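A.B. asks: Would you be able to build a 3D model of this:
(chains A, B, C and D)
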2 protein chains.
Amino acid sequence: MTLAAVVRSPSLTWPRDSVAIVTMFPHTNTRKQGKTVTVRQRKAATIYDVATRAGVSHQTVSRYLAGFEGIRPSTRERVATALKELDYRPNLAARSLATNRAHRIAVLTGDLLAAGPSRTVQGVAEASRAAGYVVDIIGIDVDNSESLREVIDVIRGQDLAGVVALAVSDRIHDAIAELAIDAPLYLDSGPADLPGPVGQSFNAVGIQLALQHLIDLGHREIVHITGAMDYLAAKARVKGFEQLALERGLRVHPIIEGDWTPRSGYAAVASGQIDPIVTAIVAANDQIALGALRALDEAGVRCPADISVTGFDDIPEAEYYTPSLTTVRIDFQQQGTYIFNALMAQIRGDERPETGAFIKPQLVVRASAAPPR
Amino acid sequence: MTLAAVVRSPSLTWPRDSVAIVTMFPHTNTRKQGKTVTVRQRKAATIYDVATRAGVSHQTVSRYLAGFEGIRPSTRERVATALKELDYRPNLAARSLATNRAHRIAVLTGDLLAAGPSRTVQGVAEASRAAGYVVDIIGIDVDNSESLREVIDVIRGQDLAGVVALAVSDRIHDAIAELAIDAPLYLDSGPADLPGPVGQSFNAVGIQLALQHLIDLGHREIVHITGAMDYLAAKARVKGFEQLALERGLRVHPIIEGDWTPRSGYAAVASGQIDPIVTAIVAANDQIALGALRALDEAGVRCPADISVTGFDDIPEAEYYTPSLTTVRIDFQQQGTYIFNALMAQIRGDERPETGAFIKPQLVVRASAAPPR
DNA sequence: TGCGAAAATGTTTCCGCTCACATTCGCGGG
DNA sequence: CCCGCGAATGTGAGCGGAAACATTTTCGCA
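C.D. replies: Residues are numbered from 1 along each chain as shown, chains lettered A, B, ... in the order given. Sure thing, here's the model as predicted:
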């Protein structure tokens, strides 16, 4: 089929960061007349074309494509040859129209910018692709429920096998519930008021890992700087923190509300709202920890000598913070796979999906946490 | 239409980070018999349903949807009402099958994890959505050309309006060129051997902004730590750096090859391959700068007193590094819009696309660069 | 008041594919 | 050598929407 030509634009009349152009799409270029040079591509081959070439019926081709066994070897080979010669590509739109079944998964996420979600997306995307699904990433503006509504409208028009919502805030959660997506949905980081032991949540487990480490180090006065509290994940972490703190009989220091950003971590410390008695800070993510570290440094408080700090996520940078950050590693890749499997189970309608082992958060001990003075 | 029920799983028998379940998709559940409770959704309304309800022909509905003017107000209203009552959603698969036109853009990117690409993706996604396009994000494994081939196969089956390739490495560039995607393609960060002034490239301009700043500060011995050199963007930055260094008559310090990661920045400095005469480092991105900062700190070299460091990207964390990082800000949002527009121009076949102002990199002066001793 | 053209609306066929059903083929047994 | 039955293959319809073309209104104006 088409051998598209790669054309380097000969002169950059308008600034662009270099562009290689392939123009082979049949734009049904409806310019009345026009000297518009439309590179017309040979139309993509259909199963009918293949069938004709192979001297069989289109249905036989369809069967071959579907992996149907009962095809005579001779026929099979003719089809295979024709397929190859014509460089046939199935038209997925037609297929999903005919089958009313899709191979596309939408991933909704509040911010791709945050380290966690974006890496989870990556993980989901990878797992999906491996299974022959395509992933639509749909960024949603958390602060604008109108846009959210639009987005969901778009989604509903797509032929989706399922939807994954990541980094879910209350607003998004409600909107999704209300707007009723007609597809299997996996809502990551659900409401904090989960049934079952909160320990099931990797958020809770992870934060507890950090807290326990601090306790083991000898800390008793520990405060938690949270993520944005309208995020389910932030709530789960708070809950995990408070539960273990209670269990261990720690003094209750009021949590300090952050919003996942380094700025909020900085503000939390710089604002002076932390009780001087505190010897350790558990941050809801690495960025917050970074901000806190910075504020501490500026205030002349040494970390970890005077105060310990832990993060969450283990982003690649964490190791290079000063001091190197003790944090909790989440295997996002694996988490993505997990989510994908869970969604697939849903799609298949499994009662009790077997999605493989749950991803265990892992404590990464570096230099930002040490025994208290 | 369907009012999908949100069901909270009553008990977590398998660990999941909370799941809200909506099962309304018609799985054509082909279990022979089975007590499989298939929640059958009322089929989505089609234009035919709407037409019947409004007492018009389906084509009238189609016209209404297409924004056709010549519809009698009374008719128009009946259609609008029916549309609403039935909660009609266009079936995009059908539409694109019929029109042979797609409203989907694929974004290929090597790593979503890197700050730059992932934010650009976000920008593209946003611009696309605003224009009614959906974005498929396709992560590709840079090190595995077989997987790349697969990916492109998948892409070709999709009905795509266009393709954007971000964070393009040589390998990807070649593969894309070779594999011939049949759609308008925007290849970000093209080959370093661009025609036209290299200054057109925001990569080059950006890095020069940093370099010039250092020169203005009085530095003469400046070294560049690069990104992964098989990335087009890394090459463009190197080229920008070298060009300006030459122009200003700076001594040529061999570039130090990095790979975008903090680790590589750390290694570049810690390995001792930097000439002691050097008083400033231009890093190809903020992560590298972070690694360098860390290595400097460990070596007891003070920044910026002893040596200055600049970054590139201005990720949110950069401000909170120690010292606060002087860097170059890229407006990824805007860049995304730019890329989208450029692609659209392609799609429309414009000769000389007007895509709005090119995004200008911006120097962000903070604390990591100061005059040399 | 009636005619014709423009405006409004309807009908048909096709997009590429899968599904349900129909038909043909091939081979073994009576 | 022919029948019958299962395997292999073919045929037709329809998924939901858009485009081309056909038909019916509507309305201005002679």
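
A.B. asks: residues touching the residue in chain A that DNA strand D sits nearest to, list them.
C.D. replies: Sorted by distance to DNA strand D under Cβ to the nearest atom of the strand, the residues of chain A start with A:Gly70, at 2.5 Å. From N, CA and C alone the C-beta is placed, and that goes for glycine too. Contact partners of A:Gly70, counting by Cβ atoms under 8 Å, 6 or more residues apart in numbering or on different chains, are A:Arg63.

A.B. asks: what about it, which SS state?
C.D. replies: Here A:Gly70 takes the coil state, with states given by DSSP: H, G, I helix; E, B strand; the rest coil.

A.B. asks: Show the model's pLDDT score for it.
C.D. replies: The predicted local distance difference test score for A:Gly70 is 86.

A.B. asks: how much space is there between it and A:Thr60?
C.D. replies: A:Gly70 sits 10 Å away from A:Thr60 when distances are taken as Cβ to Cβ, to the nearest Å.

A.B. asks: Next: A:Gly240.
C.D. replies: In terms of Cβ to Cβ, A:Gly240 sits 58 Å off from A:Thr60.

A.B. asks: Between these two, which is the more surrounded one?
C.D. replies: A count of neighbours by other Cβ atoms under 10 Å in any protein chain shown puts A:Gly240 above the other of A:Gly240 and A:Thr60, at 26 against 21.

A.B. asks: So A:Val309 lies in a strand, does it not?
C.D. replies: Yes - with three-state DSSP as the criterion, A:Val309 is located in a strand.

A.B. asks: if we can go back for a sec, what's the spacing between the residue of chain A closest to DNA strand D and chain B?
C.D. replies: Separation of A:Gly70 from chain B (Cβ to the nearest Cβ, to the nearest Å): 19 Å.

A.B. asks: mind checking pLDDT for the spatially most central residue of chain A?
C.D. replies: In chain A, the C-alpha closest to the average C-alpha coordinate belongs to A:Val121, at a distance of 2.0 Å (Cα atoms, centre = their mean). A:Val121 carries a pLDDT score of 81 in this model.

A.B. asks: Quick one: the strands in the stretch 251-373 of chain A, in order.
C.D. replies: Remark: strands of the stretch 251-373 of chain A, listed N- to C-terminal, are A:280-283, A:308-310, A:327-329, A:362-364; assignment by DSSP state E, counting those that start in this stretch.

A.B. asks: Give me whichever of the ones you listed is most buried.
C.D. replies: Between the strands of the stretch 251-373 of chain A, strand A:280-283 has the highest mean count of neighbours, a mean of 31, where neighbours are mean count of other Cβ atoms under 10 Å in any protein chain shown.

A.B. asks: gap between the residue of chain A closest to DNA strand D and B:Gln208?
C.D. replies: According to Cβ to Cβ, A:Gly70 stands 66 Å off from B:Gln208.

A.B. asks: try A:Gly265
C.D. replies: A:Gly265 sits 33 Å away from B:Gln208, going by Cβ to Cβ.

A.B. asks: More neighbours: these two, which one.
C.D. replies: Neighbours were counted for A:Gly265 and for B:Gln208 using other Cβ under 10 Å; A:Gly265 has more, 32 against 26.

A.B. asks: ok, for the more buried one, nearest residue in space, not its chain neighbours?
C.D. replies: With Cβ to Cβ, 6 or more residues apart in numbering or on different chains as the criterion, A:Gly265 has its nearest non-adjacent residue at 2.8 Å, and that residue is A:Gly291.

A.B. asks: Helix, strand or coil: sort out the closest residue to DNA strand C within the stretch 101-250 of chain A for me.
C.D. replies: For the stretch 101-250 of chain A, the residue closest to DNA strand C is A:Arg101, as judged by Cβ to the nearest atom of the strand, at 7.4 Å. When the structure is reduced to helix, strand and coil (three-state DSSP), A:Arg101 reads as coil.
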